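Asker: Fold the following.
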Amino acid sequence: MISKYILFLILGVDACILFIQTSQVSISYSEARLLYGNPSFLQFLIKSSMDIFGKNDFGLHLIMIIFHLLSALLIYLISKQYITQNRNRIWLLLVFILLPGVISSALVVNTAGMIIFGLFLFIYLFPKIPQVWLNFLLFFYTFIDHGFSYLFLALSVYYFVKKRYDLFSYLLFLYLLNSYIFGLYIYGLPRGHFLDTIGIYSAIFTPIIFIYLFYNLYRRYLTNEVDYTWYIASIPFILSLVLSFRQRVEVEYFAPYLIMALPLAAQSFVSSYRVRLKEHRTGYKLIFVFSFIFLISNALLVNLNKNLYLFLDNPKQHFAYKMHIAKELSAILKKRNIHCVETDKKMQLRLRFYEIDQCNQYTLRELPINSTKTSNVTVSYKDKILYRANVTIINNI
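Answerer: Residues are numbered from 1 along each chain as shown. You can find the predicted model right below:
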């Protein structure tokens with residue numbers, strides 16, 4: 001019973017931290033494009049949230065936080081298939097919550113958080129409901145997002161190996177249908193983005209955890225300890241590495257699949273730890289400790305990220321700069337009774353969310369931070385200037 005209290009305490013604290021963080025960021029250009037661009041299932045959910053809770057940062061990010069919390073709950077429930085002790089499941093939950101890529105998927109409005117939840121939901125339901133209902137769920141995923149196409153590929157390989165040719169054909173059909181709806185993402189000539197892809201994976205998972213996930217998938221293949229979760233985790237990951245030899249891979253579509261390997265890796269880690277004598281467990285303890293140091297350091301960096309501006313000469317070098325400025329800028333404009341401007345394309349779309357429309361009455365032109373020109377709009381943090389611009393009245397008479 002105490003493990004349930006710890007579980008919901010962790011989820012509660014996690015939710016509070018995420019809600020606090022949403023109040024400290026602005027809508028980014030990519031988020032604004034998703035919100036005001038082509039219709040999509042995620043766009044429908046976000047707009048529905050804003051219809052209920054208002055056009056604000058809370059309404060914008062609520063759906064992603066809900067996806068994140070449900071995913072955390074699902075990985076805990078899924079881990080019961082692989083890990084016997086509750087305390088080890090709690091540790092796995094903490095690892096999941098603290099992963100850099102998972103934190104990002106909870107704070108940034110994109111498809112990654114939705115795909116993570118969709119994959120965990122499928123893995124959780126796989127042994128619990130009849131195949132016909134799984135087929136309906138997969139058919140539903142077909143129309144949600146292109147990111148689920150790799151789930152269809154992974155499962156088609158799984159069913160082919162199991163000699164379930166009827167399901168193999170069905171999954172291929174879903175893959176082709178999904179590709180027809182959303183398009184294929186294979187393009188370009190060989191350009192060698194393999195190392196870049198490995199670097200992004202390392203940043204998403206931290207280097208130690210990424211290496212261990214890769215090692216665990218490889219080891220399970222050699223020992224033939226593979227199940228449906230292994231196929232879902234490994235096939236898209238291998239595909240991303242193969243594609244990286246010829247194009248820049250959109251890792252946000254592939255990384256959610258590698259996250260599915262966490263319960264497998266946790267099972268192997270716990271088993272390997274237990275079979276060793278106490279004097280031979282030092283290496284595993286060091287791996288665990290260093291992994292958590294990396295994870296906690298990253299979480300603190302994300303939560304206190306604005307303080308990094310104090311140590312940067314160029315604010316635009318900040319990793320989260322694209323998610324700052326717009327909210328503060330809109331507040332400054334509204335204080336001056338300016339509710340519409342004409343500015344560059346990206347900032348224009350971001351300001352639209354904060355009810356600063358486009359017009360030809362005012363122009364907003366950004367200035368370099370180190371420019372000697374006088375600016376009449378300045379956004380700063382703790383006396384550190386982050387953004388300078390000039391707002392000019394246009395005389396159309």
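
Asker: domain assignment for this structure?
Answerer: According to automatic domain parsing, the chain comprises the domains 2-303, 321-393.

Asker: mind putting these in TSV, distance to residue 310, mean neighbour count and mean pLDDT included?
Answerer: Any C-beta I mention is one placed from the backbone N, CA and C, and that applies to glycine too. TSV is the format used below for these (distance: least, Cβ to Cβ, whole Å; neighbours: other Cβ atoms under 10 Å; pLDDT from 0 to 100):
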stretch	distance to residue 310	mean neighbour count	mean pLDDT
domain 2-303	14	17	90
domain 321-393	6	16	90
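
Asker: what would those domains look like in JSON lines with distance to residue 312?
Answerer: As requested, the domains of the chain are exported to JSON lines (distance: least, Cβ to Cβ, whole Å):
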{"stretch": "domain 2-303", "distance to residue 312": "13"}
{"stretch": "domain 321-393", "distance to residue 312": "8"}
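
Asker: And the ones you listed: which comes nearest residue 309?
Answerer: domain 321-393 (5.0 Å; Cβ to Cβ).

Asker: Okay, and the residue nearest the centre of the chain sits in which element?
Answerer: Closest to where the C-alpha atoms of the chain average out (Cα atoms, centre = their mean) is residue 105, at 2.5 Å. For residue 105, the host element (DSSP states H and E) is helix 100-107.

Asker: What is that helix packed up against?
Answerer: helix 2-22, helix 57-78, helix 111-125, helix 194-205, helix 251-259, helix 282-303 (3 or more Cβ pairs under 8 Å, 6 or more residues apart in numbering; DSSP states H and E).

Asker: Go again with 10 Å.
Answerer: On a contact count with 3 or more Cβ pairs under 10 Å, 6 or more residues apart in numbering; DSSP states H and E, helix 100-107 meets helix 2-22, helix 57-78, helix 86-98, helix 111-125, helix 194-205, helix 251-259, helix 282-303.

Asker: ok, back up a step: pretty sure the residue nearest to the centre of the chain is touching residue 117, no?
Answerer: Yes. Here residue 105 reaches residue 117: they are 9.3 Å apart, a contact under Cβ atoms under 10 Å.

Asker: if I look at those two, which residues touch both of them?
Answerer: Shared contacts of residue 105 and residue 117, defined by Cβ atoms under 10 Å, 6 or more residues apart in numbering, are found at 64, 67, 68, 71, 256.

Asker: contacting residues for the first one?
Answerer: Residue 64 sits next to 18, 22, 31, 42, 45-46, 49, 105-110, 112-114, 117 when contact means Cβ under 10 Å, 6+ apart.

Asker: and with 7 Å instead?
Answerer: By Cβ atoms under 7 Å, 6 or more residues apart in numbering, the contact list for residue 64 reads 106, 109, 113.

Asker: which one among these gets closest to residue 81?
Answerer: The closest of the contacts of residue 64, once distances to residue 81 are taken by Cβ to Cβ, is residue 113, at 23.1 Å.

Asker: ok, residues contacting stretch 140-154?
Answerer: Outside stretch 140-154, the residues touching it (Cβ under 7 Å, 6+ apart) are 41, 111, 114-115, 118-119, 171, 174-175, 177-179, 181-182, 231-232, 235-236, 239, 253-254, 257.

Asker: Stretch 110-121 now?
Answerer: 30, 34, 42, 64, 67-68, 70-71, 74-75, 78, 105-106, 141, 145, 147-148, 151, 232, 252, 255-257, 259-260.

Asker: Distance of residue 20 relative to residue 67?
Answerer: Look at residue 20 and residue 67: by Cβ to Cβ, to the nearest Å, they are 18 Å apart.

Asker: Excluding covalently adjacent residues, which one is nearest to residue 386?
Answerer: Excluding its sequence neighbours, the residue lying closest to residue 386 (Cβ to Cβ, 6 or more residues apart in numbering) is residue 315, at 4.5 Å.

Asker: so the one you found sits right up against residue 321, yeah?
Answerer: Yes. Judged on Cβ atoms under 7 Å, residue 315 makes contact with residue 321 at a distance of 6.0 Å.

Asker: Next, give phi and psi for residue 387.
Answerer: Main-chain torsions, residue 387, degrees, to the nearest 10: phi -160, psi 140.

Asker: ok, now residue 367?
Answerer: According to degrees, to the nearest 10, residue 367 has phi -110, psi 150.

Asker: need the contact list for it.
Answerer: Listed by Cβ under 7 Å, 6+ apart, the contact set of residue 367 reads 373, 375, 388, 389, 390.

Asker: partners of the residue lying closest to it once chain neighbours are set aside in the sheet?
Answerer: Distance criterion Cβ to Cβ, 6+ apart; nearest residue to residue 367, sequence neighbours excluded, is residue 388 at 4.4 Å. Beta bridges link residue 388 to residue 367, residue 378 when assigned by DSSP bridges.

Asker: so what's residue 388 up against?
Answerer: Here residue 388 is in contact with 367, 369, 371, 375, 378 (criterion: Cβ under 7 Å, 6+ apart).

Asker: So the third one, which state does it fall into?
Answerer: When the structure is split into helix, strand and coil by DSSP: H, G, I helix; E, B strand; the rest coil, residue 371 lands in coil.

Asker: Please tell me how far it sits from residue 347.
Answerer: Applying Cβ to Cβ to residue 371 and residue 347 gives a distance of 17 Å.

Asker: Same question for the last one.
Answerer: Per Cβ to Cβ, residue 378 is found 15 Å from residue 347.

Asker: ditto for the first one
Answerer: Residue 367 is 13 Å from residue 347, where distance means Cβ to Cβ.
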